[in-house]
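> based on what follows, work out the 3D shape:
(chains A and B)
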Protein chains: 2
Amino acid sequence: MQLLDGKNTAQTILNELKLGVAQRAAAGKKIPHLAAILVGNNGASQTYVNSKVKTCNQIGFISTLIQYEEDISEVKLLEKIEELNEDYSVDGILVQLPLPAHISEKKVIEAIAVQKDVDGFHPENMGRLIMGEEEAFIPATPYGIMLLLEHYNIQTKGKHAVVLGRSHIVGRPMSILLSNNTQPGNCTVTVCHSKTQNLKDVCLQADIIVAAIGQPEFLKADMVKEGAVVIDVGITRLPDASKKSGYRLVGDVDFANVAPKCSYITPVPGGVGPMTIAALMKNTYKSCTQKD
Amino acid sequence: MQLLDGKNTAQTILNELKLGVAQRAAAGKKIPHLAAILVGNNGASQTYVNSKVKTCNQIGFISTLIQYEEDISEVKLLEKIEELNEDYSVDGILVQLPLPAHISEKKVIEAIAVQKDVDGFHPENMGRLIMGEEEAFIPATPYGIMLLLEHYNIQTKGKHAVVLGRSHIVGRPMSILLSNNTQPGNCTVTVCHSKTQNLKDVCLQADIIVAAIGQPEFLKADMVKEGAVVIDVGITRLPDASKKSGYRLVGDVDFANVAPKCSYITPVPGGVGPMTIAALMKNTYKSCTQKD
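Numbers count the residues shown, from 1 in each chain, chains lettered A, B, ... in the order given. Predicted structure coming up:
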């Protein structure tokens, strides 16, 4: 069993980007600039946004963090996005989800200019993904997973991939990317969800499993074939008095029991999480270079 | 075995639309208007466009058929689309594919206003499909298949659907629709393609098979489970001297041998084809009523 080390792989990608930024700076070219909007004070959201901003700083990107109180109006948020859309200096805009209930996530996502939608959640970017268009921004989590498979040179052609989850943020784009005519890709892909029957039987056929359902330790050892590649997208905070933070992070995979059966598996934390941030940075870099 | 009669089902839908148009006319409301563009003189394309225009006439839609020679420039075609985009009277625009090699299909598809893209090929409509948004125009062929499953009240929840083909026009949107949280829908969906291994084994697990690969009589009886529902999207013209037209239409399914094993199966012709046109008309009608 080999760990798919997302932390190290992300660092390799970030180093490449850092070098790219330095070269751009030396050539007098535009430096990538990510603007992140955080609404309210959800602990997990704050952690995610902070680590994105921190990563920007590490690799020489410009970052702008815009924070609003929980009760900001939808109109005001949309106005800010419009302002960022029109600001040439900004290459990427991300609004950390989830948003408070009085704000429409759909409206907010669609307000972001397609060319600056580095999270890849705008319907036009989703559509370009289906159509296999290279200028699309791929949603950061599935993109990060593809980069991880690529980094470890995992051969996916003709393999059977099972994706647990059909969200438009992870499950669906993941299933499209894995079945595209690319490497990684060219998998036979099965998408499972809460209505799937005989889930265990389906999972047992998988050469590659991507678990993205948000249920801690859902995927058990008896659902996994010997030698499978397992990618764990889940990340749930479970209360844990023994930890200083008061919680521990748990994935969708029962790691302790599943790992021994796998050829490769991602840990939680340190697997998909850092890759998501690296992918977001790659998207922001791409957005910037598209202006050259 | 029961035939999924696309011809009759389409007629039922068209009758409903015809009634709707008559009611709109009586109320002084806008009548749906479809503009179709045909480039060159490909026989199949001409047949398809003609039957779309004929259907418009049957149900009281206004139709405009714009025909160009094979050598029309891309610029001129794009100008025409822009003109139709700005023409309030036009609700739906379709450009019959394929286009000659000197014209970019991508450019042409993306030039069509999202609100008039009744073929549902624009990336923004594709993306809205992934996101399950109701205002999206669903590509006509997969939409027609969903309408057919709905008409025959085929229960799909928890069933295993296998989609053969990953094109963005049929295979991919079909797989998304079948796995959505809807009825029909809520299937566990596997997408297969040319790189799939053990295709026969995968197909034998399917409760529902959608064949959309464009290879005549590809799906054989030994690939189909007893009682499966088989949807045949393929339509190929094979030379046949015994026919007046000189050809016969063949699907992707070896109908004669597969049909006896099925609970339901679509014939070719008279299955998915007429449903595609009915779905296109429904999209055009929807576009018109969205202006109310």
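
> in chain A, which helix has the most residues?
helix A:6-26 (DSSP state H).

> pLDDT score for the residue sitting nearest the centre point of chain A?
Centrality entry for chain A: nearest residue to the mean C-alpha point is A:Thr141, 1.7 Å, by Cα atoms, centre = their mean. Looking at A:Thr141, its pLDDT stands at 97.

> would you agree it falls within a helix?
Yes: assessed with DSSP: H, G, I helix; E, B strand; the rest coil, A:Thr141 lies in a helix.

> quick check: pLDDT value at the residue found closest to A:Asp292 once you drop the neighbours it is linked to in the chain.
Spatial nearest neighbour of A:Asp292, excluding adjacent residues (Cβ to Cβ, 6 or more residues apart in numbering or on different chains): A:Lys29 at 6.6 Å. C-beta: built from backbone N, CA, C; applies to glycine. On pLDDT, A:Lys29 comes in at 97.

> give the helix, strand or coil label for A:Lys29.
coil.

> measure it to A:Asp87 for me?
18 Å (Cβ to Cβ, to the nearest Å).

> was I right about the residue nearest to the centre of chain A contacting A:Val170?
Yes: under the criterion of Cβ atoms under 8 Å, A:Thr141 makes contact with A:Val170 at 5.0 Å.

> how about the helices in chain A?
Under DSSP H, chain A gives helices at A:6-26, A:43-59, A:74-86, A:105-111, A:123-130, A:140-151, A:171-179, A:199-204, A:255-258, A:272-289.

> what's the spacing between the longest helix of chain A and its chain's center?
18 Å (Cα atoms, centre = their mean, to the nearest Å).

> what do you get for stretch A:70-86?
With Cα atoms, centre = their mean, you get 24 Å for stretch A:70-86.

> pLDDT score assigned to A:Glu133?
For A:Glu133, the predicted pLDDT is 87.

> then A:Ile112?
98.

> what residues are up against it?
A:81, A:85, A:93, A:95, A:119, A:121-122 (Cβ atoms under 8 Å, 6 or more residues apart in numbering or on different chains).

> quick check: residues of the stretch 101-250 of chain A near chain B?
A:106, A:122-133, A:157-158, A:160, A:166, A:168, A:172-173, A:175-176, A:179-181, A:186, A:188-193, A:195-197, A:202 (Cβ under 8 Å from any Cβ of the partner chain).

> buried ones among those residues?
Neighbour counting by 16 or more other Cβ atoms under 10 Å in any protein chain shown classes A:122-132, A:160, A:166, A:168, A:172-173, A:175-176, A:179-180, A:186, A:188-193, A:195-196, A:202 among these as buried.

> surely the residue nearest to A:Asp292 touches A:Lys291?
No: if you go by Cβ under 8 Å, A:Lys29 and A:Lys291 don't touch, sitting 9.2 Å apart.

> which one of these two has more residues nearby?
A:Lys29 (14 against 11; other Cβ atoms under 10 Å in any protein chain shown).

> and the gap between that one and B:Cys56?
From A:Lys29 to B:Cys56 the distance is 53 Å (Cβ to Cβ).

> residues contacting A:Val114?
A:122, A:124-125.

> could you double-check that A:His122 lies in contact with A:Ile109?
Yes: counting by Cβ under 8 Å, A:His122 touches A:Ile109, with 6.0 Å between them.

> mind jotting down where the strands sit in the stretch 151-292 of chain A?
Assigned by DSSP state E, counting those that start in this stretch, the stretch 151-292 of chain A shows strands spanning A:160-164, A:188-192, A:208-211, A:229-232, A:236-239, A:247-250, A:264-265.

> what lines up beside the last one in the sheet?
For strand A:264-265, the pairing partners within the sheet under DSSP bridges are strand A:2-3 (parallel), strand A:229-232 (parallel).

> how about the fifth one?
Partner strands for strand A:236-239, per DSSP bridges, with pairing direction: strand A:247-250 (antiparallel).

> ok, now the first one?
Strand pairing for strand A:160-164, using DSSP bridges, gives strand A:188-192 (parallel), strand A:208-211 (parallel).

> can you list contacts of that strand?
A:171, A:174-175, A:178-179, A:187-193, A:199, A:202-203, A:205-213, A:218-219, A:252, B:197.

> could you do the fifth one as well?
Under the criterion Cβ under 8 Å, 6+ apart, residues A:44, A:214-216, A:246-251 lie in contact with strand A:236-239.

> A:Leu14 and A:Ala278 touch, don't they?
Yes: using Cβ under 8 Å, A:Leu14 is in contact with A:Ala278, at 5.8 Å.

> name the residues contacting each of those two.
A:Thr55.

> still on that earlier bit, out of the strands paired with strand A:264-265, which one sits most buried?
Among the strands paired with strand A:264-265, strand A:229-232 has the highest mean neighbour count (mean count of other Cβ atoms under 10 Å in any protein chain shown), at a mean of 27.

> quick one: mean pLDDT over that strand.
98.

> how far is that strand from where the chain is centred?
Worked out by Cα atoms, centre = their mean, strand A:229-232 lies 14 Å from the chain centre.

> stretch A:179-199 now?
18 Å.

> one step back: wait, which of the strands paired with strand A:264-265 is closest to A:Leu38?
With Cβ to Cβ as the measure, strand A:229-232 is the member of these nearest A:Leu38 (25.6 Å).

> end-to-end on stretch A:189-203?
When the termini of stretch A:189-203 are compared using Cα to Cα, to the nearest Å, they are 11 Å apart.

> so what pairs up with A:Ile37 in the strands?
Here A:Ile37, judged by DSSP bridges, has bridge partners A:Ile66, A:Val95.

> for the residue lying closest to A:Gln215 once chain neighbours are set aside, give me its contacts.
The shortest distance from A:Gln215 to any non-neighbouring residue, by Cβ to Cβ, 6+ apart, is to A:Asp252 (5.9 Å). By Cβ under 8 Å, 6+ apart, the residues touching A:Asp252 are A:164, A:211-219, A:232-234.

> pipe the residues you listed into CSV and attach distance to A:Val258 per row.
CSV is the format used below for the contacts of A:Asp252 (distance: Cβ to Cβ, whole Å):
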residue, distance to A:Val258
A:Leu164, 13
A:Ala211, 9
A:Ala212, 15
A:Ile213, 15
A:Gly214, 17
A:Gln215, 14
A:Pro216, 13
A:Glu217, 9
A:Phe218, 11
A:Leu219, 6
A:Asp232, 9
A:Val233, 14
A:Gly234, 12
